[in-house]
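Undergrad: Test case, fold it:
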Amino acid sequence: AICGRKYTGKSTFARNMLLKLNHKVVIVDPNGSPAYNQIQKVEVSKLRTLKSGIVKVYTPNPEQLFQELWDIMHDKKGDPIRWNGTILFDDATKYIDAKPTKKVKSILVDHRMYSLNLLFTFHAISFIPPFFWKMLTHIVVLKTQDLKQHKYLGLKRVFLIVFLKHLLLFRQYQLAQYFL
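TA: Below you'll find the model as predicted:
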């Protein structure tokens, strides 16, 4: 997960990271973020034929999006298909509820079964649904206003260290210097 207030560089950070991948990448972009302007927009139904590259999708109906994703990742018998890619859910608060539907939860919880990496952006740490905290392996924290009050962040320094490691890994030296 990548967390930060508006205009802290979440989408740009995610885009730069995703452009380095050598497999198919889908960006769910509900806001038309300028960070994704150069990325081809496709209809959700076209994801089934995506073999490689990076594309973005938008749908005003989140349930339709997750139904399409579920259909793409299962054969006609309902057995999982290895999708081999990454999906970025930008501004995930807009379409992933704190209590997700069964299909949404199936994709989020069983993503490894599909050979699928998931990445999420949120505007605040407090916007991350509680069930996400059990699944997250990494969190990048940009500027937020809720670090002190969130019950999951008793270890602020650990998150800052992980964040700095990611900045250095992706050659964001100027931004890393700001935190050192």
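Undergrad: The lengthiest strand in the chain: partners in the sheet, and parallel or antiparallel?
TA: Criterion DSSP state E: the longest strand present in the chain is strand 116-122. Sheet partners assigned to strand 116-122 using DSSP bridges are listed as strand 2-3 (parallel), strand 85-89 (parallel).
Undergrad: right, so those strands: which one is the most enclosed?
TA: Most buried of the strands paired with strand 116-122 by mean neighbour count (mean count of other Cβ atoms under 10 Å) is strand 2-3; its value is a mean of 25. For every residue, glycine as well, the C-beta is placed using N, CA and C.
Undergrad: returning to that earlier point: chain center to the longest strand of the chain, what's the gap?
TA: Offset of strand 116-122 from its chain centre (Cα atoms, centre = their mean, to the nearest Å): 2 Å.
Undergrad: now do stretch 89-102
TA: Taking mean C-alpha positions (Cα atoms, centre = their mean), stretch 89-102 and its chain are 11 Å apart.
Undergrad: still on that earlier bit, tell me which helix or strand comes right after the longest strand of the chain.
TA: Once the chain leaves strand 116-122, the next helix or strand it forms, by DSSP states H and E, is strand 140-141.
Undergrad: chain center to that next one, what's the gap?
TA: Relative to the chain's own centre, strand 140-141 is displaced by 12 Å; criterion: Cα atoms, centre = their mean.
Undergrad: which helices and strands sit right next to that strand?
TA: strand 2-3, helix 156-169 (3 or more Cβ pairs under 8 Å, 6 or more residues apart in numbering; DSSP states H and E).
Undergrad: Check the ones you listed for me: which has the lowest mean pLDDT.
TA: Out of the helices and strands packed on strand 140-141, helix 156-169 stands lowest, with a mean of 49 (criterion: mean pLDDT).
Undergrad: dump the residue contacts of residue 19.
TA: residue 54 (Cβ atoms under 8 Å, 6 or more residues apart in numbering).
Undergrad: Swap in 10 Å and give it another go.
TA: By Cβ atoms under 10 Å, 6 or more residues apart in numbering, the residues touching residue 19 are 25, 38-39, 54.
Undergrad: now residue 110
TA: Residue 110 neighbours (Cβ under 10 Å, 6+ apart): 73, 80, 116.
Undergrad: can you check residue 83 too?
TA: The contact partners of residue 83, by Cβ under 10 Å, 6+ apart, come to 23-24, 26, 47-48, 50, 69, 72-73, 111, 113-117.
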